[in-house]
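**Q** Here's my sequence, what's the structure:
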Amino acid sequence: MPMIQMMLLAVGLFVLAGIGYVLVFAGSASKAGQRRLQQLRYRHSESTDAKVESQLKKAIAARKPKLQVTAGSGSKIDALAIRLDRTGKGWTLSQYAYTSLGLGLVIALLLFLKTGSLPLSLAVGVFVGAGLPHLVVNRAIKKRTNQFNTKFPDAIELLVRGLRSGLPVTETLGVVAQEVPGPVGQEFKMIVERIKIGRTMEESLQVTADRLGIAEFNFFCITLAIQRETGGNLAETLSNLAEVLRKRAQMKLKIKAMSSESKASAYIVGALPFIVFVMIWWINPGYVGGFFEDDRLIVTGLGGLTWMGVGVFIMAKMVSFEI
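**A** Alright, predicted model coming up:
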């Protein structure tokens, strides 16, 4: 590759890295300032609601898995192991690594035999080998989380009925583990097993909360912890929590319905260039064959893919809503 092309490629990658940094970290300073202002407001406020909200946010922040934010290669591997465990499929790190490596090599080999371009084959192979398993794991986690959130209010209602009938909390947890199917029953069964081997209920719930990383279950753990410290009617508190979680689920469905048109437009806009490229390549291979032979067109194509990735990232952020 000529020197001028190498310089252009280096400058383009530098510019893209700067754009990515701005997109990811631009709002960090403003968000940090807002958090400091909220902390001051909570600290000097006399409102009971403000103080309760402050304590709730602190408890949620304290219950987040520390492995997700710890720097270093070991923490990345541990974070990946946690993500694989959240899928509920029993996948291991070695299986994930072998799958990613094998998929990348197969795609790169097939593309090299088809086009004869080694740089393009390696780039696409790395992209598919690293991206596709990641997307599959994300989809599995999202599916299991949705299944958990769907049945979790029913599990809390079952806990409420057990408590009102006179059963202790640990016994009602065992009833939920037996009666509720799916991920909810599996997780509660593991909680009951930890309690049986001598761990406290708070520790058992904390381990499950760190594994799942689901806000609804964090609310449940915080509710039990606060009730154990302050006292009161646990059945009534859990009943109110179940109602809040149901309304939260309804709000998620409403937002999903309202943003479905924007998501469909993003999918169409993002997929259309690739569909058109494949169709032209299928009809007239010589017309776009230069993208697999000419170094300048290869660099241009990789730059276009990068810009498409930036555009898809921006559109995904635009249609993503936090509740």
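**Q** The residue lying closest to Ser262 once chain neighbours are set aside: neighbour count?
**A** Excluding its sequence neighbours, the residue lying closest to Ser262 (Cβ to Cβ, 6 or more residues apart in numbering) is Val319, at 4.7 Å. Placement of C-beta: from N, CA and C, glycine included. Residues within reach of Val319, counting by other Cβ atoms under 10 Å, total 16.
**Q** How about Leu118?
**A** For Leu118, the neighbour count with other Cβ under 10 Å is 11.
**Q** so it touches Phe112, yeah?
**A** Yes - when contacts are counted by Cβ atoms under 8 Å, Leu118 is listed as touching Phe112 (6.2 Å).
**Q** I'd guessed Phe152 sits against Phe217; true?
**A** Yes - taking contacts as Cβ under 8 Å, Phe152 lies within contact range of Phe217: 7.1 Å.
**Q** Comparing the two, which shows the higher neighbour count?
**A** A direct count of neighbours by other Cβ under 10 Å for Phe152 and Phe217 places Phe152 higher, at 27 against 22.
**Q** So the more buried one versus Glu229, what's the distance?
**A** Note on Phe152: its distance to Glu229, by Cβ to Cβ, to the nearest Å, is 23 Å.
**Q** Let me see the ranges of the helices in the stretch 101-250 of the chain.
**A** With DSSP state H, counting those that start in this stretch as the criterion, the stretch 101-250 of the chain has helices at 118-164, 169-179, 183-196, 201-212, 215-230, 234-258.
**Q** of all those, which lies closest to Glu293?
**A** Closest to Glu293 of those is helix 118-164 (Cβ to Cβ; 9.5 Å).
**Q** what is the rounded mean pLDDT of that closest one?
**A** For helix 118-164, the mean pLDDT works out to 87.
**Q** between it and helix 234-258, how many degrees?
**A** In terms of direction (axes from the mean of the first three to the mean of the last three Cα atoms, to 10 degrees), helix 118-164 departs from helix 234-258 by 150 degrees.
**Q** What is helix 118-164 packed up against?
**A** Using 3 or more Cβ pairs under 8 Å, 6 or more residues apart in numbering; DSSP states H and E, the elements in contact with helix 118-164 are helix 73-86, helix 93-115, helix 169-179, helix 183-196, helix 215-230, helix 234-258, helix 295-318.
**Q** Thanks a lot, see you next time.
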